[in-house]
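Asks: Please work out how this folds:
(one chain, ligands or ions: 1)
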Amino acid sequence: MYGNSRGISSRQDTVHDKLERLLERHLASGFERPIPDVAREAFAKVMADHDASMPIVLDAGCGVGWSTLTLAREYPDHFVIGVDQSSDRIERGKPGEQAPNVRFVRADLVDFWRLLHLHGVRLARHYLLYPNPWPKIGHLSRRWHGHAVFPVIPLLGGELELRTNWRIYADEFALAMNRLTGHTDGVTEYQAPTPLTPFERKYRDSGQRLWRYCTDLRAHPGTGPA
Ligand SMILES: C[S@@+](CC[C@H](N)C(=O)[O-])C[C@H]1O[C@@H](n2cnc3c(N)ncnc32)[C@H](O)[C@@H]1O
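Replies: Numbering: from 1, shown residues only. Have a look, this model is predicted:
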């Protein structure tokens, strides 16, 4: 499986020229899509297990959950939630012993993020590791920073980290996040000495360059349209 992944090819060779306009539109109009009961139930179930004294780590789009388990071991006094929409990936057997402070949730992040915000939950750490890049020019609104839910993400606070193998995705994400927060954090190259996820390992072993954007949202006010 590892070491033979081709890099992203796209006709888009820089930050999308419609990104800023799209972001303004999403900021102005908010996001009204109803949250389905199944998402509310999944959210309630995981939060019922949360001891309020434990800071929360969210692994958003955790796939098979390697990173979630590693983070749970790295932060044993945190409550680590891995969310993915794919039941196949969420339910796939996990290597090693399950840490007691980890929970996996099958849910659409579009709902889960909004539920966190609606319930006033603030994160300690927030990871978006190798989100689907949607590299076609016409797919801007499928990338997280082009999605109507994006303005909710900074409201959740925490130390946020995005990793991707597509530099343009990272640049766009940084531009959009910095626009919402007033931050000036940049994108840096990442070597992944110890890969945190299967995708990271595959890209690294194929000789692809990896990029990351980190920003500290702990001081972000956490209010605004959801
Ligand atoms: C490219 S994979 C990366 C998985 C993992 N983070 C890794 O690096 O191995 C992207 C993951 O995001 C999940 N995903 C995409 N859109 C989602 C959504 N709206 N809600 C929840 N998960 C989503 C997919 O099911 C998939 O597992």
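
Asks: Does the closest residue to residue 77 other than its chain neighbours belong to a helix, a strand or coil?
Replies: With CB to CB, 6 or more residues apart in numbering as the criterion, residue 77 has its nearest non-adjacent residue at 6.5 Å, and that residue is residue 54. Where C-beta positions appear, they are placed from N, C-alpha and C, glycine not excepted. With DSSP: H, G, I helix; E, B strand; the rest coil as the basis, residue 54 sits in coil.

Asks: and stretch 157-177, how far from the chain's centre?
Replies: 9 Å (CA atoms, centre = their mean, to the nearest Å).

Asks: same check, this time on stretch 76-89
Replies: 11 Å.

Asks: contacts for it?
Replies: 46, 49-51, 54-65, 67-68, 71-72, 90, 99, 101-109, 112, 124-125 (CB atoms under 8 Å, 6 or more residues apart in numbering).

Asks: what residues does the protein put near the ligand?
Replies: For the chain, the residues found near the ligand under the criterion CB under 6 Å from any ligand atom are 61-63, 83-86, 89, 108-110, 129-132, 197-200.

Asks: For PyMOL, write a command that selects the buried ones of these.
Replies: Those of the residues of the chain next to the ligand that count as buried under 16 or more other CB atoms under 10 Å are selected in PyMOL with:
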select buried, resi 61+62+63+83+84+89+108+109+110+129+130+131+197+198+199+200
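
Asks: Now, the residues of the chain next to the ligand that are in helices?
Replies: 89, 109, 110, 198, 199, 200 (DSSP state H).

Asks: So in this protein, which helix runs the longest?
Replies: Per DSSP H, the chain has its longest helix at helix 167-181.

Asks: what helices or strands is it leaning on?
Replies: Packing contacts for helix 167-181, counted by 3 or more CB pairs under 8 Å, 6 or more residues apart in numbering; DSSP states H and E, involve helix 19-29, helix 152-155, strand 159-164, strand 187-190, strand 210-216.

Asks: Much appreciated, bye for now.
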